[in-house]
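Engineer: how does the following fold in three dimensions:
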Amino acid sequence: METVYDFTLPKGYIDANGEVHKNGKMRLATAGDEISATRDPRVLANPSYLTIVILSRVVTEIEGLQVITPTHIEKLFTADLAFLQDMYQRINDIEPPTMQVVCPDCGKTFEVPLNFTIGE
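Structural biologist: The predicted structure follows:
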């Protein structure tokens, strides 16, 4: 199973010297990544910051940078942030699970989303 994915940012991170860094790696997220991000004081103060914190945990590399911090993610162009958000959703398969069912009346087969919440 692949757990780390290469990427190329559309615009690139620009460092303090004006150099552009486009290539990097993102790993699959863990439950711990998401739990710890929700406890981050910046997220508690501003829930919109959750994306920044999570991406700073799962983006493991951007060429030329020693570590990736929320500050690095904040400094990305919006096109790059949107790219990473989309990649995060795709590699972590954020789509709800579905199941094939057969209609008892007409016999047609179709997919329905699974709901694991009790009482809904």
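Engineer: confirm K22 sits in a helix?
Structural biologist: No. Using DSSP: H, G, I helix; E, B strand; the rest coil, the assignment for K22 is strand, not a helix.
Engineer: which residues sit in contact with the nearest residue to it once chain neighbours are set aside?
Structural biologist: Once flanking residues are discounted, K22 sits nearest to G12: 4.1 Å by CB to CB, 6 or more residues apart in numbering. Using the backbone N, CA and C atoms, a C-beta is placed for each residue, glycine as well. Counting by CB atoms under 8 Å, 6 or more residues apart in numbering, G12 touches V20, H21, K22, F77, D80.
Engineer: tell me which strands and helices the host helix or strand of L84 is in contact with?
Structural biologist: For L84, the host element (DSSP states H and E) is helix 78-91. If contacts are counted by 3 or more CB pairs under 8 Å, 6 or more residues apart in numbering; DSSP states H and E, helix 78-91 sits against strand 4-14, strand 20-27, helix 50-58.
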